[in-house]
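Peer 1: My questions are about this predicted structure, shown below with the sequence.
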Amino acid sequence: MGESEHEDIGLVTRIRSGDMAAFERLYNKYKRPLYQTALAITGDRGAAEEVMQDCFVRAHRAMSRVVASGSLSPWLHRIAVNLACNWANRHRRWLSALDVWLEHLSAPGLAPEQAAEQVEVGEVVRQALGSLNSTQRAVIVLFYVHGFTLAELAYIMDCPVGTVKSRLHYACKAFRERLRQDARLPGEIIYGTELGKA
Amino acid sequence: MARNWEKHNDQDQVDDDLGSLIRWSLEDSLARETPPDDLWQRVRARIEASSPQAERALLGRKRHGLSLAPLIQTVVASSLVLAFALGVNHGDTPQSRTRASRPTVQRTAVVESARPQDIPRLRTASRPEPEPVVHQRIGGVAE
């Protein structure tokens, strides 16, 4: 067990005894990945903030019931993903705020044509992701961006590992299909190995 | 078999590249996203508002509110009774006036103005009477 997991177990004990500073430490530890996940699923900063608030309020209430045997990250993500997917399904819109993320893609040090190319690729990826449903977006962000394992994803999404694999497969298939349909993205960018170096 | 294996490997390679594309395009942009600084204050305020002490205080406030309720009910009920009593004493509320002037006169007028040929229709409209059963014999003996 790593240091982070040990710390989480200690925090749970302290939070249960009413230590608010311990809960603040837990919040600061996981606020960024949780916020990013919520934002990736909802595509709305206000909604992501709401999800964060609800997530931590629920987590605090449920702290007495949580089994503290390792990292709290999957458990917190489970709450956040559930709330964010519910929000996304209610509002059925996404990615208006992703434009803001992608503005950052053009780093200041890049030449204008390189920056333009990156923004173009980012735009295509954004649109491809936007065509997926909230569950597929969640599975892609959690797997590719946050690096959760399939078993952790199964816990977060409350389904068997086989279902996670299937969701990931179909999400990637739909994503790839969208990219293929977009003429702006050359084939070597979709299938080439250059991206690994980028 | 070998072809299948190659195909599978190619598919894995494509998925890896796709993963790289997703990581590359989202990771960098997502990494810059942080929640606003005041979010913790909002979370904390909500937690404290739902803490046992706050709930107890809320319950206390509710109890205080509940203790006022019988008094308010009594005042309202007594004022209603008083108003009713005053109305009975005066005996000529606008409601009673309208009620007395309305129905019988109109009905009488309708009946009196009805022409003789309208009477059966009116009678039928107000109260349908069973028609006398006429037994008709069909056929019979030809003359």
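Peer 2: Good, I have the coordinates.
Peer 1: low-scoring stretches of the chain, by residue?
Peer 2: The chain I'm using is chain A. Residues of chain A meeting the criterion pLDDT under 70: A:92-120, A:126, A:183-198.
Peer 1: My question was about chain B, not that one.
Peer 2: Residues of chain B meeting the criterion pLDDT under 70: B:1-15, B:28-29, B:52-69, B:88-143.
Peer 1: now with 80?
Peer 2: B:1-18, B:21, B:24-32, B:51-72, B:87-143 (pLDDT under 80).
Peer 1: What residues does it have near chain A?
Peer 2: B:14-15, B:17-36, B:39-40, B:42-44, B:46-47, B:50 (C-beta under 8 Å from any C-beta of the partner chain). The way it works is simple: take the backbone N, C-alpha and C, and place the C-beta from them, glycine included.
Peer 1: In three-state terms, how would residue 21 be classified?
Peer 2: Defaulting to chain A. For residue A:21, the assignment made with DSSP: H, G, I helix; E, B strand; the rest coil gives helix.
Peer 1: oops, I was thinking of chain B
Peer 2: helix.
Peer 1: and it, how many neighbours?
Peer 2: A count of nearby residues for residue B:21, using other C-beta atoms under 10 Å in any protein chain shown, gives 26.
Peer 1: repeat for residue A:69
Peer 2: For residue A:69, the count of nearby residues is 10 (other C-beta under 10 Å).
Peer 1: Equivalent analysis for the one 5 residues further on, please.
Peer 2: Burial of residue A:74, expressed as a neighbour count using other C-beta under 10 Å, amounts to 18.
Peer 1: next one: residue A:76
Peer 2: Number of residues near residue A:76 (other C-beta under 10 Å) recorded here: 25.
Peer 1: Quick check: which element contains it?
Peer 2: Per DSSP states H and E, residue A:76 falls inside helix A:73-91.
Peer 1: so how far is that helix from its chain's centroid?
Peer 2: Distance, stretch centre to chain centre, for helix A:73-91: 10 Å (C-alpha atoms, centre = their mean, to the nearest Å).
Peer 1: would you put the C-alpha positions of that helix in PDB?
Peer 2: Written as PDB, here are the backbone C-alpha positions of helix A:73-91 (Å, rounded to 0.1, in the frame of the first residue of the first chain):
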ATOM      1  CA  SER A  73     -10.100   8.300  -5.300                       C
ATOM      2  CA  PRO A  74     -12.300   5.600  -6.900                       C
ATOM      3  CA  TRP A  75     -15.000   6.100  -4.300                       C
ATOM      4  CA  LEU A  76     -15.000   9.900  -4.700                       C
ATOM      5  CA  HIS A  77     -15.000   9.500  -8.500                       C
ATOM      6  CA  ARG A  78     -17.900   7.100  -8.300                       C
ATOM      7  CA  ILE A  79     -20.000   9.800  -6.600                       C
ATOM      8  CA  ALA A  80     -18.800  12.500  -8.900                       C
ATOM      9  CA  VAL A  81     -19.300  10.500 -12.100                       C
ATOM     10  CA  ASN A  82     -22.800   9.500 -11.000                       C
ATOM     11  CA  LEU A  83     -23.800  13.100 -10.300                       C
ATOM     12  CA  ALA A  84     -22.100  14.400 -13.500                       C
ATOM     13  CA  CYS A  85     -23.800  11.800 -15.700                       C
ATOM     14  CA  ASN A  86     -27.100  12.600 -14.100                       C
ATOM     15  CA  TRP A  87     -26.600  16.200 -14.800                       C
ATOM     16  CA  ALA A  88     -25.500  15.600 -18.400                       C
ATOM     17  CA  ASN A  89     -28.500  13.300 -19.100                       C
ATOM     18  CA  ARG A  90     -30.800  15.900 -17.700                       C
ATOM     19  CA  HIS A  91     -29.400  18.700 -19.800                       C
END
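Peer 1: contacts for that helix?
Peer 2: By C-beta atoms under 8 Å, 6 or more residues apart in numbering or on different chains, the residues outside helix A:73-91 that reach it are A:30, A:33-34, A:37-38, A:41-44, A:47-48, A:50-52, A:54-55, A:58-59, A:66, A:94, A:134-135, A:137-138, A:142, A:146, A:148, A:152, A:155-158.
Peer 1: Next: stretch A:53-71.
Peer 2: A:1, A:4-5, A:8-9, A:12-13, A:15-16, A:23, A:26-27, A:34, A:38, A:72, A:75-76, A:79-80, A:83, B:39, B:42-43, B:46-47, B:50.
Peer 1: Contacts only, for residue A:38.
Peer 2: Taking C-beta under 8 Å, 6+ apart as the criterion, residue A:38 is in contact with A:47-48, A:51-52, A:55, A:80, A:83-84.
Peer 1: Out of these, which is nearest to chain B?
Peer 2: Closest approach between the contacts of residue A:38 and chain B, by C-beta to the nearest C-beta: residue A:52, at 5.7 Å.
Peer 1: residues touching that closest one, list them.
Peer 2: Going by C-beta under 8 Å, 6+ apart, residue A:52 touches A:31, A:34-35, A:38, A:80, B:35, B:39, B:43.
Peer 1: okay, now residue A:140: neighbour count?
Peer 2: Residue A:140 has 24 nearby residues by other C-beta under 10 Å.
Peer 1: what about it, which SS state?
Peer 2: Going by three-state DSSP: residue A:140 is helix.
Peer 1: Would you agree it is in contact with residue A:175?
Peer 2: Yes: using C-beta atoms under 8 Å, residue A:140 is in contact with residue A:175, at 7.1 Å.
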